[in-house]
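# Build me a structure from this.
(2 chains)
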Amino acid sequence: MSFFKKLKEKFTGNTETEEVSDKYKEGLSKTRGSFSSKINDLVAKYRKVDEDFFEDLEEILISADVGVSTVMDLIDELKMEVKRQNIKDSAKVKEVISEKLVDIYYGDEDSSVEELQLNDGELSIVLFVGVNGVGKTTTIGKLAHKLKSEGKNVVLAAGDTFRAGAIEQLEVWGERVGVEVVKHSAGSDPAAVIYDGVQAAKSRNADVLLCDTAGRLQNKVNLMNELSKVKRVIEREVPGAPHEVLLVLDATTGQNAMSQAKTFSESTDVSGIVLTKLDGTAKGGIVLAIRNELQIPVKFVGLGEKVTDLQAFDASAFVYGLFADLIEENKE
Amino acid sequence: MAFEGLADRLQNTIQKIKGKGKVTEQDVKEMTREVRLALLEADVNFKVVKDFIKKVKERAVGQEVMESLTPGQQVIKVVKEELTALMGGEQSKIAVADRPPTVIMMVGLQGAGKTTTTGKLANLLRKKYNRKPLLVAADVYRPAAINQLQTLGKQLDMPVFSLGTEANPVDIANQAIEKAKEEHLDYVIIDTAGRLHVDTDLMDELKQIRSDVNPNEIFLVVDAMTGQDAVNVAESFNEQLDISGVVLTKLDGDTRGGAALSIKAVTQKPIKFAGMGEKLDEIEAFHPERMASRILGMGDVLSLIEKAQENVDEKKAKELEEKMRSASFTFDDFLEQMSQVRNMGPLEDLIGMLPGANKMKGLKNVQFDEKQISHVEAIIQSMTKHERQDPSVMNAGRKKRIAKGSGRTVSEVNRLLKQFEEMKKMMKQMTNMQKGKKGKKGKGFNFPFM
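The predicted structure is shown next:
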């Protein structure tokens, strides 16, 4: 069965997924518009699959922030594949391209890695980390809403005691969503706030505790040590916790995202990524490289400013969003 | 490491060329390829890179590089020059209105750092220019954004104008200016909400504010870590609002910051300031030249090259090379070479400027004995002209005289003479090898600045 048919089947079978993919299509419409129309242009421009074709393809992928070395690897693999299957028609390459992209993303694993790993019936703790201004607090607000609407009892801990207005920002989200926020005053020790958060969550029999932290650039050693300390406090108070450490990444970020993923993983053992601001024109292609190199999966994507605009990540849907035009063409 | 600097990247290519007397067009092609990769890895937009490489190639294939003694360095130099030209000169002035208040509008995507930069700019205006700014909280969308600005205002002890979250940002801006006039505040900095450049409603709101308050400056605040999308963002904001300058934030991180180049290339607007930390005084004038080096990731190798350029006379270097070939290298030449290298500054500094040098174990904390070099100089200077040209005339009496004249011992004089002879021998070997004779691969001999 062809790749596109498989995808189509997946997305026409059940309505819930269709909704999700609609969200993706909506959020990624600008992205998709430019990305797949470029691939279409490319395919139209070149009848033959030659060096120029690959050069243009390379540029399209680089412009999506996929990263030079990943792109080079991908192009090499594509060239091999084209040779192996003896493909001369550029239209057929489309299919191979998207197959390879999903391939790079998944490796040998299945899609279950994208689910949030939470304990049933016991307190689960999720720690949010990332550089400044990526949308950690907003993501926590959205995720709190999502979990609460699933019937979970959620508590938030305002661990960003540094940035002006950060505690108030989380409080506003707490009010909006209707969950409790544990806080100290600005400037206090974040580890102490998180400790109190854990105690509060325990005594209220909460299902999930979401811990906010201050944004920090990954080359600030002291601040990264502070983050390790916060994680140690959680580990000590609840064995097996934190159940997830989510690195929040801004989709507009370029190659520095790889450095962020590496360094934050070293100090906090990141288990997943939340890719925010994907509703702009940025493509967030660096997550492919991060997945490929560090095996960290994306768990959620932020597709807008509404409280409901946080979606579980699904690599097939991601690629479907990027290639939707192509797939629809294929129907005819 | 994914982020190799240009100098590291060029290293291999240069290694290959080093032995050659001439650089071919193919060599230049390979070098520009490395430049391209370095720029792409630094997040410079691929279109900008393409144009840039074209320019570099034109110059590189020309005589400038091909006929140079040090083609690798010449390529880096050409790249640096073109890059600096593209980035433009330093421009960190803030406009002043004929009639106060001067109005500054801060715009940009979410999370770029507009509010923090607003506080920093206000602080700078007061500290450096003795101005009285009014901060305006026009971000009514993000939860607690107003609160954030008010906290900054408190920290700075500066007035903050706010009408709460229910008011229209356009009204807030208009009323703020009235207030500034009443209270004789001479600057108004409007902190607008972060928005996507493709969000038509919110972009219209900015246009409305712009036409109402007629700002003297519109600063686009951009995260230095932005990738390929930087061109879309900058182009779109510039088209819709005709921005007057850019503030690059989070430059204290470890990003290469190629976005700076992309933004400059597509908007032609100056990057005026750089955010260098989370504290309110951590804002600096933007230095295009430093940024160029940073994008290329080559430490201070450029300043090193510049130093070499300033201090090493190309013609003299060529003469020296000739002499080495013909093995007519004398103590005079040796002295000349030493002084050229020393003109470039303390040796420790020179080593420190080499990219990757601090990673090399042997070089990390190496202390060069500058004294020893002076001793060598003293010994040579104590020789007669004849002795310097032809050391073979040296005998015990002459050595004694030289030792006395330089204040060193005879054994030190002997050691230097021996080293010099060894060096000449090695030069001979090297020249023979270059002539194509099959000699044993001896230990490589490197002229210090080649």
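# measure A:Asp50 to chain B for me?
From A:Asp50 across to chain B, the span is 19 Å (CB to the nearest CB, to the nearest Å). Backbone N, C-alpha and C define where each C-beta goes, glycine included.
# What is the burial count for that residue?
11 (other CB atoms under 10 Å in any protein chain shown).
# from the stretch 201-332 of chain A, which residue is nearest to chain B?
A:Gly254 (2.5 Å; CB to the nearest CB).
# Report the buried residues of stretch B:250-264.
B:250-253, B:255-264 (16 or more other CB atoms under 10 Å in any protein chain shown).
# Chain A next: which of those residues are close?
By CB under 8 Å from any CB of the partner chain, the members of the buried residues of stretch B:250-264 lying near chain A are B:250, B:252-253, B:255-256, B:258-259.
# so the residue of the stretch 201-332 of chain A closest to chain B makes contact with B:Ala259?
Yes: assessed by CB atoms under 8 Å, A:Gly254 is found in contact with B:Ala259 at 7.0 Å.
# Overlap of the contact sets of the two?
Common contacts of A:Gly254 and B:Ala259 (CB atoms under 8 Å, 6 or more residues apart in numbering or on different chains): B:43, B:225-227, B:230.
# Dump those into a markdown table; add secondary structure and distance to B:Val79 as well.
As requested, the shared contacts of A:Gly254 and B:Ala259 are exported to a markdown table (DSSP: H, G, I helix; E, B strand; the rest coil; distance: CB to CB, whole Å):
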| residue | secondary structure | distance to B:Val79 |
| --- | --- | --- |
| B:Asp43 | coil | 17 |
| B:Met225 | coil | 23 |
| B:Thr226 | strand | 22 |
| B:Gly227 | coil | 21 |
| B:Ala230 | helix | 20 |
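# And for A:Asp52, the neighbour number?
Number of residues near A:Asp52 (other CB under 10 Å) recorded here: 12.
# Tell me how far it lies from chain B.
Where chain B is concerned, A:Asp52 sits at a distance of 14 Å (CB to the nearest CB).
# now that residue, what's its secondary structure?
Following DSSP: H, G, I helix; E, B strand; the rest coil, A:Asp52 is assigned to helix.
# any low-confidence regions in the stretch 51-200 of chain A?
A:90, A:104-113 (pLDDT under 70).
# For it, just list every one of the strands.
With DSSP state E, counting those that start in this stretch as the definition, the stretch 51-200 of chain A shows strands at residue ranges A:124-129, A:154-157, A:180-182.
# nearest to B:Ser392, of the ones you listed?
strand A:124-129 (71.8 Å; CB to CB).
# Please list the residues outside that closest one that contact it.
With CB under 8 Å, 6+ apart as the test, strand A:124-129 has contacts from A:116, A:118, A:136, A:139-140, A:143, A:198, A:201, A:207-213, A:227, A:230-231, A:234, A:238, A:241-248, A:264, A:268, A:270, A:274.
# List only buried entries from those residues.
Buried subset of those (neighbour count, 16+ other CB under 10 Å): A:116, A:118, A:136, A:139-140, A:143, A:198, A:201, A:207-213, A:227, A:230-231, A:234, A:238, A:241-248, A:264, A:268, A:270, A:274.
# Next step: those restricted to helices.
The helices, defined by DSSP state H, take in A:136, A:139-140, A:143, A:198, A:201, A:227, A:230-231, A:234, A:264, A:268 from the buried ones among the contacts of strand A:124-129.
# circling back to that earlier point, identify the residues contacting the residue of the stretch 201-332 of chain A closest to chain B.
Contacts of A:Gly254 by CB under 8 Å, 6+ apart are A:65, A:286, B:43, B:225-228, B:230, B:255, B:258-259.
# ok, 7 Å please
By CB atoms under 7 Å, 6 or more residues apart in numbering or on different chains, the residues touching A:Gly254 are A:65, A:286, B:43, B:225-228.
# what about it, distance to B:Met394?
Distance, A:Gly254 to B:Met394, by CB to CB, to the nearest Å: 63 Å.
# for A:Asn132, same thing?
68 Å.
# Those two: who's more crowded?
A count of neighbours by other CB under 10 Å puts A:Asn132 above the other of A:Asn132 and B:Met394, at 23 against 15.
# Get me the contact residues on chain B for chain A.
Residues of chain B lying close to chain A (CB under 7 Å from any CB of the partner chain) are B:2, B:37, B:40-41, B:43, B:46, B:109-113, B:143-145, B:147-148, B:151-152, B:196, B:198, B:223, B:225-229, B:232, B:250, B:252-255.
# Restricted to helices, list those.
Going by DSSP H, the helices hold B:37, B:40-41, B:46, B:145, B:147-148, B:151-152, B:232 from the residues of chain B next to chain A.
# Pick out the most distant pair among those residues.
Applying CB to CB across those, the maximum distance is between B:Leu37 and B:Asn147, 44.9 Å.
# Break chain B down into its domains, please.
With domains defined by automatic domain parsing, chain B comprises B:4-86, B:102-297, B:305-434.
# Ok, which of the ones you listed comes nearest A:Lys220?
Among the domains of chain B, the nearest to A:Lys220 by CB to CB is domain B:102-297 (7.9 Å).
# Could you work out the end-to-end span of that closest one for me?
38 Å (CA to CA, to the nearest Å).
# Tell me where the model's unsure across the stretch 201-350 of chain B.
B:298-318, B:320-321, B:324-327, B:341-350.
# Helices along that one, start to end?
B:230-241, B:259-267, B:288-296, B:301-311, B:314-326, B:331-343, B:347-353 (DSSP state H, counting those that start in this stretch).
# Give me the residue at the spatial middle of chain B.
When CA atoms, centre = their mean is applied to chain B, the residue found nearest the centroid is B:Ser293 (2.4 Å).
# count of residues packed around the closest residue to B:Leu261 other than its chain neighbours?
Closest residue in space to B:Leu261, ignoring its immediate chain neighbours: B:Val44 at 4.8 Å, by CB to CB, 6 or more residues apart in numbering or on different chains. By other CB under 10 Å, the residues close to B:Val44 number 28.
# and A:Lys142, what does it touch?
Residues near A:Lys142 by CB under 7 Å, 6+ apart: A:307, A:309-310.
# mind redoing it with 6 Å?
The contact partners of A:Lys142, by CB atoms under 6 Å, 6 or more residues apart in numbering or on different chains, come to A:307, A:310.
# From chain B, how far out is it?
Where chain B is concerned, A:Lys142 sits at a distance of 12 Å (CB to the nearest CB).
# residues contacting B:Pro143?
By CB under 6 Å, 6+ apart, the contact set of B:Pro143 is A:169, A:172.
# Please apply the same query to B:Val170.
Each residue near B:Val170 by CB under 6 Å, 6+ apart is listed here: B:208-209, B:212.
# Report the secondary structure element holding it.
helix B:169-182 (DSSP states H and E).
# what's the next secondary structure element after that helix?
According to DSSP H and E, the helix or strand after helix B:169-182 is strand B:187-192.
# Show residues contacting that following strand.
B:101-107, B:114-115, B:118, B:122, B:125, B:131, B:133-136, B:138-139, B:149, B:173, B:176-177, B:180.
# Could I have the buried ones of those residues as ChimeraX selection syntax?
The buried residues among the contacts of strand B:187-192 can be selected in ChimeraX (16+ other CB under 10 Å) with this line:
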select /B:101,102,103,104,105,106,107,114,115,118,122,125,131,133,134,135,136,138,139,149,173,176,177,180
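# Thanks a lot, catch you later.
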